[in-house]
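A.B. asks: Need a 3D model of the following:
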Amino acid sequence: MTILLKQRTKTWEVNPHFEKGHPLWTPEAEEFVLIEDLNIAVPKEFEEEFLSDGVDAMTRIMAPPPLTQGGFFENPHTITEAVDKGLPRWW
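C.D. replies: Numbering: from 1, shown residues only. Prediction:
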């Protein structure tokens, strides 16, 4: 197996199941599908995860952080909407 010396890598780049010639390799591991919404190709076995929640799947399986606004939250409007401006301030 090739040792990758970088912090972020895709699951299929380090899992021996995807490396041809490894005892765990299967022909299905070479079947990739295009996820059009994200414009990425992923192994077929991950297709359902990427179709159901692409951002979460990319974060868990491919390791890139999701795009965020303001550097912290994917959906900052959910924080803003949750704030009750009618509450008294204590400071």
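A.B. asks: Tell me which residues touch the nearest residue to residue 31 once chain neighbours are set aside, please.
C.D. replies: Excluding the flanking residues, the one nearest residue 31 by Cβ to Cβ, 6 or more residues apart in numbering is residue 44, at 4.1 Å. For the C-beta atoms, the positions are set from N, CA and C on the backbone; glycine is no exception. Contact analysis of residue 44 by Cβ atoms under 8 Å, 6 or more residues apart in numbering lists 28, 31, 32, 33.
A.B. asks: Dump these into CSV; add distance to residue 16 and secondary structure as well.
C.D. replies: As requested, these are arranged in CSV below (distance: Cβ to Cβ, whole Å; DSSP: H, G, I helix; E, B strand; the rest coil):
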residue, distance to residue 16, secondary structure
28, 14, helix
31, 17, coil
32, 18, strand
33, 21, strand
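A.B. asks: Name the nearest of these relative to residue 64.
C.D. replies: Distance ranking of the contacts of residue 44 against residue 64, using Cβ to Cβ, places residue 32 first at 17.6 Å.
A.B. asks: and the closest one, how many residues sit next to it?
C.D. replies: Counted by other Cβ atoms under 10 Å, the residues lying close to residue 32 total 14.
A.B. asks: so what's it bridging to?
C.D. replies: The partner list for residue 32 in beta bridges (DSSP bridges) reads residue 43.
A.B. asks: Hmm, residue 43 and it touching each other?
C.D. replies: Yes. Assessed by Cβ atoms under 8 Å, residue 32 is found in contact with residue 43 at 5.8 Å.
A.B. asks: Please tell me how far residue 49 sits from residue 77.
C.D. replies: Noted for residue 49: a distance of 25 Å to residue 77, by Cβ to Cβ, to the nearest Å.
A.B. asks: So which of these two has more stuff around it?
C.D. replies: A direct count of neighbours by other Cβ under 10 Å for residue 49 and residue 77 places residue 49 higher, at 16 against 9.
A.B. asks: where's residue 39 relative to residue 24, distance?
C.D. replies: For residue 39 relative to residue 24 (Cβ to Cβ), the value is 29 Å.
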